[in-house]
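>>> Show me the folded form of this:
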Amino acid sequence: MTTTDTHCPYCSLQCGMRLRPTGEGAEVLERPDFPVNLGALCGKGRTAGALLPPGARLTAPLVRDRRGGELREAGWDEALDRVAAGLAGAAERYGRDAVGVFGGGGLTNEKAYLLGKFARVVLRTPNIDYNGRFCMSSAAAAHRRAFGIDRGLPFPLEDIPRTGCVILVGANPAETMPPALRFFRELRENGGTLIVVDPRRTRTAEQADLHLQPLPGSDLALAMGLLHLIVADGHLDEEFIARRTTGFGEARAAAMAHWPERVELLTGVPVARLRAAAEMFAGAPEGMVLTARGPEQQSKGTDTVSAWINLCLATGKAGRPLSGYGCLTGQGNGQGGREHGQKADQLPGYRSIEDPVARTHVASVWGVDPAELPGPGRSAYELLDCMGQEGGVRALLLMGSNPVVSAPRAAHVTRRLEALDFLAVGDPVLSETARLADVVLPSTQWAEETGTLTSLEGRVLLRRKAVDAPPGVRSDLRVLHELADRLGVPKGFPHDPEEVFEELRQASAGGPADYAGISYARIGAEDGVFWPCPDEAHPGTPRLFLDRFATPDGRARFAAVTHRPAAEEPDADFPLFLTTGRVVSQYQSGAQTRRVPELNRAAPGPFVELHPVLARRLGVAEGELLTVSSRRGQALAPARVTDTIRPDTVFMPFHWGGAGRANSLTNPALDPTSGMPEFKICAVRVERAAGADR
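Next up, the predicted model:
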């Protein structure tokens with residue numbers, strides 16, 4: 001039978017796979033020729049075909065006839081008419097700013113692009129953002145501040161095993177992207193060293209030569225302490241600093257206030273281990289720092305990432321082969337999803353929506369007056385927080401996201417969604433958020449449609465259609481096409497993905513994320529093309545910054561940052577830190593993976609991870625039901641007792657809704673630069689649940 005080469009629907013590795021159609025859905029096969037995973041797949045990728053049969057997903061639109069009523073099946077015309085009326089009605093009653101759009105980091109580039117265009121051309125609202133704001137926005141802001149451009153990795157993954165030392169900060173690829181772990185194993189096999197920074201001794205940390213286990217929220221102080229040691233011990237690359245950077249004087253002065261003994265008090269990491277890490281990194285001829293959500297999902301995430309970038313710049317480990325700073329992007333299209341217009345402050349090509357030149361270029365491609373394009377809107381949490389309130393968003397179109405589970409202070413966000421005048425959700429499955437909607441639109445999913453995604457490497461890939469969607473299911477592109485027509489814009493919203501991509505190429509041309517030289521044919525022939533790629537004769541750019549940084553003068557910028565506490569730290573009422581994260585067998589809000597029996601058997605539900613010392617103090621046994629409380633709410637989950645976590649910290653995975661929803665607890669305090677909420681740190685109290693048996 002015919003097989004189709006395509007890519008996994010989950011994380012930003014976008015592992016290559018082959019699909020063979022079956023009677024209902026498709027069988028997942030290995031594809032050993034794709035360089036990122038060489039045929040290897042994690043359990044999520046291997047079981048991805050389980051979501052394709054009609055019984056696993058939505059196959060007809062659903063509408064609600066009245067508030068509080070049940071959702072019922074409806075025809076597409078009725079459903080789309082209701083969505084158009086709901087959006088238009090809110091604009092007429094409250095003004096255009098009262099209509100919002102919320103997207104997702106799993107949407108293809110074509111969907112992200114057309115969703116942003118729909119918001120600004122059809123709805124003419126500034127209020128569009130997406131769940132990627134919750135993922136890597138702090139790293140993106142720090143990357144732009146230092147280097148002038150943001151691409152998750154400025155080098156391909158294949159460079160990692162060839163460098164000398166990697167510092168992996170707040171990342172657990174052994175569970176979040178398992179096929180990537182081979183790059184770190186090969187690094188050590190080649191004689192390189194791996195340093196892991198994480199409050200938990202994760203499966204990734206167990207692979208490390210050195211594991212630093214800091215207090216949650218102290219990553220900035222840790223990075224500053226390492227820079228202090230680099231300066232004090234004479235490990236600076238003075239020639240690189242003078243030739244290729246600016247701002248080092250101020251950054252050095254800030255680092256001098258973070259002497260080792262102070263940093264030990266702030267982080268809990270012994271001075272000896274700080275010195276060992278500094279010597280390992282400085283002593284390697286090449287090196288990299290890679291961050292993930294740990295240091296980024298903080299109210300000071302941008303400054304924290306900047307501090308780690310400073311470490312690279314001070315040692316000359318940036319802008320040269322086998323060295324640099326990179327972000328391990330999480331969602332499947334977390335990179336491309338923020339490049340082409342579904343982020344509140346950006347236009348396609350990673351252009352600023354406030355740049356007059358960018359507005360003129362994009363408006364010319366769209367055939368509108370630049371003055372008609374709205375300005376920047378609210379960031380993701382701010383958009384969700386204002387819903388249903390005077391002066392806020394009153395009608396929302398949401399595609400590819402599940403904020404009832406994934407947003408911080410999730411119970412509050414749920415109440416705000418319920419307060420909307422109108423909510424429409426596009427999703428392949430009936431997620432927790434879709435259950436609140438007035439209209440649910442069943443979307444085609446990864447194997448049922450063709451589209452491009454951009455991996456964490458900046459490699460633009462083509463995910464090909466392999467099977468037909470069930471009758472009654474439509475693509476998001478067709479939904480936007482038909483809604484635009486109903487709302488008075490009959491042209492400019494094609495639903496053929498390649499046609500949309502051709503327009504995206506024009507809109508991105510000349511921008512920081514330039515796709516002008518990338519085509520479907522070329523991606524297929526080359527197995528992906530790295531942006532920027534300004535014309536079809538250009539080879540693409542797998543490695544950035546080798547000649548100059550993308551700043552006006554070509555120099556990288558140091559940032560003079562300094563440690564500050566988390567927005568909320570433990571006290572007498574809430575004496576413990578909570579940090580959140582993922583497990584290997586579930587993904588994001590679990591809307592997809594919790595529908596796969598094999599994955600549910602491996603990871604059936606939430607838990608509270610706590611140290612034996614803390615368990616003894618609380619009188620808690622393994623498996624006992626616990627109540628975890630913060631200033632925002634409560635969650636219930638069984639205890640998992642392990643010595644891999646600090647005694648002052650508990651951990652919960654965030655893949656589940658209901659009573660075990662970790663994000664009922666988390667703090668929406670925002671980073672002032674990136675708008676990132678502080679998912680990774682909040683103060684909690686842990687108790688045996690009322691009525692729990694001893």
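
>>> and the gap between residue 6 and residue 457?
Going from residue 6 to residue 457 by CB to CB, to the nearest Å gives 18 Å. Where you see a C-beta, it was placed from the backbone N, CA and C, and this is true even at glycine.

>>> Give me the more crowded residue out of the two.
More crowded of residue 6 and residue 457, by other CB atoms under 10 Å: residue 457, with 27 against 24.

>>> host element of the more buried one?
According to DSSP states H and E, residue 457 maps onto no helix or strand at all.

>>> I'd like to know the predicted local confidence at it, please.
You'll see residue 457 listed with a pLDDT of 96.

>>> just the one 10 residues further on next, same as before
Predicted confidence (pLDDT) at residue 467: the value is 94.

>>> need the contact list for residue 128.
Each residue near residue 128 by CB atoms under 8 Å, 6 or more residues apart in numbering is listed here: 100-103, 115-116, 119-120, 341-344, 377.

>>> Show me the beta-bridge partners of it.
Beta-bridge partners of residue 128, counted by DSSP bridges, are residue 101.

>>> Can you tell me how far it is from residue 365?
For residue 128, the distance to residue 365 - CB to CB - is 18 Å.

>>> before we move on, back to that, filter the contacts of residue 128 down to the ones in strands?
When DSSP state E is applied, the contacts of residue 128 are split such that 100-103 fall in strands.

>>> Find the helix or strand that the residue nearest to residue 208 when sequence neighbours are not counted is a member of.
Among residues not flanking residue 208 along the chain, residue 196 sits closest, at 4.0 Å (CB to CB, 6 or more residues apart in numbering). According to DSSP H and E, residue 196 maps onto strand 193-197.

>>> Return the alpha-carbon coordinates of that strand using CSV.
Output of strand 193-197 as CSV, limited to C-alpha atoms (Å, rounded to 0.1, in the frame of the first residue of the first chain):
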residue,chain,number,x,y,z
THR,A,193,30.5,17.6,28.8
LEU,A,194,26.9,18.1,29.7
ILE,A,195,25.8,20.3,32.6
VAL,A,196,22.1,20.2,33.5
VAL,A,197,20.4,22.9,35.6
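
>>> List the contacts of residue 310.
Neighbour list for residue 310: 223, 227, 251, 255, 558-559, 561 [criterion: CB under 8 Å, 6+ apart].

>>> mind listing what the residue nearest to residue 346 when sequence neighbours are not counted touches?
Nearest non-adjacent residue to residue 346, counting by CB to CB, 6+ apart: residue 353, 5.9 Å away. Applying CB under 8 Å, 6+ apart to residue 353 gives the contacts 344-347, 359, 373-376.

>>> For those residues, name the two members farthest from one another.
Taking CB to CB, the two most distant members of these are 344 and 359; they sit 14.7 Å apart.

>>> Tell me which of those two has more neighbours.
Between residue 344 and residue 359, counted using other CB under 10 Å, the more crowded position is residue 344 (24 against 20).

>>> And residue 365, how close does it get to residue 507?
Distance of residue 365 to residue 507, given as CB to CB: 5 Å.

>>> More neighbours: these two, which one.
Ranked by neighbour count (other CB under 10 Å), residue 365 and residue 507 place residue 507 first, with 26 against 19.

>>> pretty sure that one contacts residue 362?
Yes. Applying CB atoms under 8 Å, one finds residue 507 in contact with residue 362, separated by 5.5 Å.

>>> shared neighbours of these two, which are they?
Counting by CB under 8 Å, 6+ apart, the common neighbours of residue 507 and residue 362 are 347-349.

>>> Return the member of those nearest to residue 391.
residue 347 (25.1 Å).

>>> now that closest one, nearest residue through space, not along the chain?
residue 362 (4.7 Å).

>>> Remind me what the helix or strand harbouring that neighbour packs against, helices and strands.
Taking DSSP H and E as the definition, residue 362 sits inside helix 356-366. In terms of contacts (3 or more CB pairs under 8 Å, 6 or more residues apart in numbering; DSSP states H and E), helix 356-366 is packed against strand 346-347, strand 351-352, helix 497-508.

>>> How far off centre is the first one?
It refers to strand 346-347. A distance of 17 Å separates the centroid of the chain from that of strand 346-347, by CA atoms, centre = their mean, to the nearest Å.

>>> which residue ranges form the helices in the stretch 301-450 of the chain?
Using DSSP state H, counting those that start in this stretch, the helices of the stretch 301-450 of the chain run over residues 301-314, 334-337, 356-366, 380-385, 403-406, 410-418.

>>> Highest mean neighbour count out of those?
Of the helices of the stretch 301-450 of the chain, the one with the most neighbours on average (mean count of other CB atoms under 10 Å) is helix 334-337, at a mean of 31.

>>> Provide the contact partners of it at residue level.
12, 103-109, 112, 130, 132, 135-136, 151-152, 329, 331, 452-456, 458, 460.

>>> looking at this structure, which helix or strand is least sure?
helix 334-337 (a mean of 92; mean pLDDT, DSSP states H and E).

>>> Go through the contacts of helix 334-337 and flag which are in helices.
Judged by DSSP state H, the subset of the contacts of helix 334-337 located in helices is 109, 112.

>>> Inside strands: which ones of the contacts of helix 334-337?
Short answer: the contacts of helix 334-337 in strands (DSSP E) are 103, 130, 452-454, 460.

>>> Columns distance to residue 549 and pLDDT on top of these, output as TSV?
TSV is the format used below for the ones in strands among the contacts of helix 334-337 (distance: CB to CB, whole Å; pLDDT from 0 to 100):
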residue	distance to residue 549	pLDDT
103	30	97
130	27	95
452	27	98
453	26	97
454	21	97
460	22	98
